[in-house]
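Undergrad: sequence unknown, structure follows:
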Ligand code: TRP
């Protein structure tokens with residue numbers, strides 16, 4: 001009987017790509033990628049990152065969407081249907097659901113910073129503070145427990161509000177308008193950045209590889225971030241893939257998502273670093289980079305307060321469409337596995353994330369989760385969650401997905417699921433190339449980087 005209830009579907013391939021790109025493009029591209037690039041010395045890190053996207057994360061993205069579309073369910077259910085009940089592979093799906101809870105819990109705190117900045121812009125604080133004082137606005141926010149908690153709650157309430165609306169009403173409608181707006185804004189800012197004196201230096205920083213600053217931690221971080229940025233490794237794209245029709249081309253969708261996501265990340269660097277260099281700031285400024293440097297640049301422009309408002313509003317939007325996909329994955333699990341109504345499932349999982357995010361919201365403060373943990377363990381609670389989720393859970397999940405699709409699925413099913421809906425002439429050779437990547441290149445690469453990170457090789 002349950003089988004007869006048909007699953008929600010995207011209204012077209014374009015909306016799938018937009019929603020999936022909405023999931024991929026987020027704080028990871030605009031907040032995190034520039035600052036970890038800055039901390040890892042630029043060029044080489046970017047090169048390794050691009051390699052990781054092309055040879056590891058994008059092929060696994062295709063594998064995830066494939067499982068979702070073929071299994072027609074959220075992570076656990078889809079894998080169960082493609083193997084057998086009680087199969088240990090279901091663990092890969094479960095790992096994803098847990099990963100989603102963890103990621104969203106601290107992601108929401110950073111998204112909350114955007115909301116705080118929108119408030120700062122609207123109240124005129126960003127335009128009236130003298131330029132030297134702007135960076136310390138972030139430091140004040142960072143340590144404020146009450147502001148972090150407030151905005152974390154507000155952001156989660158919005159995310160829950162959209163996911164309750166379901167695939168078409170909620171997720172789709174939000175992405176269709178918001179993604180193109182973000183893209184246009186990025187292009188405008190990029191045009192501005194090219195006029196700055198620091199543009200040349202910034203381009204060299206991002207594109208010319210020098211191996212000096214590379215560490216094994218940096219390689220692991222590049223790999224982990226390639227998963228994080230594409231939303232791969234925890235079943236979010238798998239869940240979105242389960243709403244994808246069999247008439248749509250999986251290859252084209254995957255490539256569009258990967259290219260869009262990478263272009264936005266590189267654009268973000270080419271906006272932020274020219275500003276950084278032109279105004280005499282450091283590229284290695286850490287998590288505050290976008291929040292300190294962008295407002296400093298805007299403060300020098302006419303209508304600076306308005307620019308800042310638009311920028312942080314769009315960053316917030318990018319974060320929202322990503323957060324939706326994280327909550328949707330956990331919610332879809334609750335709906336599919338426990339037969340809850342969408343409303344109950346969304347409220348339940350949303351509240352869980354809200355509570356789980358409290359320690360992260362308190363991580364800048366002087367209490368146990370912030371200063372206490374940093375002094376005792378070298379990382380605040382927030383930093384631990386981010387480190388564990390992006391550098392370990394996502395690559396592990398990705399490894400599970402790649403091995404499942406490449407070694408466990410039957411050739412017949414895999415080939416059919418990969419190629420169905422594709423009108424491309426070279427489908428057969430693309431399939432063979434992709435299979436080599438998910439079979440050998442991606443798993444060997446992930447394992448090698450893990451071993452390297454723990455010091456075995
Ligand atoms: N990709 C998003 C970003 O770059 C974050 C994100 C959304 C995500 N869904 C995900 C990360 C699923 C990992 C897994 O900001």
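TA: Received it, and whenever you're ready, just let me know what you need. These numbers come from a predicted model, not from an experiment. Numbers count the residues shown, from 1 in each chain.

Undergrad: Does the longest helix belonging to the chain reach the ligand?
TA: For the chain, the longest helix by residue count, based on DSSP state H, is helix 304-338. Yes. Legend: contact between helix 304-338 and the ligand by Cβ under 6 Å from any ligand atom is shown at 322, 325, 326. All C-beta atoms are positioned from the backbone trio N, CA, C, and that covers glycine.

Undergrad: I figured the second one was touching residue 236, is that so?
TA: Okay, so that is residue 325. Yes. Using Cβ atoms under 8 Å, residue 325 is in contact with residue 236, at 4.6 Å.

Undergrad: Quick check: neighbours shared by those two?
TA: residue 23 (Cβ atoms under 8 Å, 6 or more residues apart in numbering).

Undergrad: between the two, which one's more packed in?
TA: Just comparing residue 325 and residue 236: by other Cβ atoms under 10 Å the higher neighbour count belongs to residue 236, 31 against 26.

Undergrad: list the contacts for that one?
TA: Residue 236 touches 23, 96, 100, 325, 326, 328, 329, counting by Cβ under 8 Å, 6+ apart.

Undergrad: Now whatever residue of the stretch 301-450 of the chain ends up closest to the ligand: closest residue in space that isn't a chain neighbour?
TA: Closest contact between the stretch 301-450 of the chain and the ligand, by Cβ to the nearest ligand atom, is at residue 322 (3.7 Å). Leaving out its chain neighbours, the residue that sits closest to residue 322 by Cβ to Cβ, 6 or more residues apart in numbering is residue 26, at 3.2 Å.

Undergrad: What of residue 30?
TA: residue 268 (4.5 Å).

Undergrad: Now do the same for the one you found: its pLDDT.
TA: If you check residue 268, the pLDDT there is 95.

Undergrad: Touching, it and residue 32? I think so.
TA: No. With contact defined as Cβ under 8 Å, residue 268 does not count as touching residue 32 (9.4 Å).

Undergrad: Phi, psi for the residue nearest to residue 322 please.
TA: Main-chain dihedrals, residue 26, degrees, to the nearest 10: phi -170, psi -150.

Undergrad: Repeat that for residue 300.
TA: phi -90, psi -10.

Undergrad: Show me what from the stretch 151-300 of the chain comes close to the ligand.
TA: Counting by Cβ under 6 Å from any ligand atom, the stretch 151-300 of the chain sits next to the ligand at 228, 229, 231, 234, 236.

Undergrad: neighbours around the spatially closest residue to residue 362 that is not a sequence neighbour, how many?
TA: What sits nearest to residue 362 in space, not counting adjacent residues and going by Cβ to Cβ, 6+ apart, is residue 369, at 4.5 Å. Residue 369 has 20 neighbouring residues, counting by other Cβ under 10 Å.

Undergrad: List the residues that contact residue 369.
TA: Residue 369 makes contact with 359, 360, 362, 363, 380, 381, 382, according to Cβ under 8 Å, 6+ apart.

Undergrad: Turn the residues you listed into a markdown table, including secondary structure.
TA: Listed next are the contacts of residue 369 as a markdown table, based on DSSP: H, G, I helix; E, B strand; the rest coil:
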| residue | secondary structure |
| --- | --- |
| 359 | helix |
| 360 | helix |
| 362 | coil |
| 363 | coil |
| 380 | coil |
| 381 | helix |
| 382 | helix |
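
Undergrad: Just the buried residues from those residues, in ChimeraX please.
TA: For the buried members of these, the matching ChimeraX selection, counting by 16 or more other Cβ atoms under 10 Å, is:
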select :359,360,362,363,380,381,382
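
Undergrad: and for the strand or helix carrying residue 204, what are the contacting residues?
TA: Per DSSP states H and E: residue 204 is located in helix 199-207. Residues from elsewhere that reach helix 199-207, judged by Cβ under 8 Å, 6+ apart: 37, 42-43, 46, 193, 266, 269-270, 273-274, 276-278, 283.

Undergrad: Just name the closest of those residues to residue 406, please.
TA: Within the contacts of helix 199-207, proximity to residue 406 (Cβ to Cβ) peaks at residue 46, which comes in at 28.0 Å.

Undergrad: Just the element for the closest residue to residue 311 other than its chain neighbours, please.
TA: The shortest distance from residue 311 to any non-neighbouring residue, by Cβ to Cβ, 6+ apart, is to residue 294 (6.0 Å). Following DSSP H and E, one finds residue 294 within helix 289-299.
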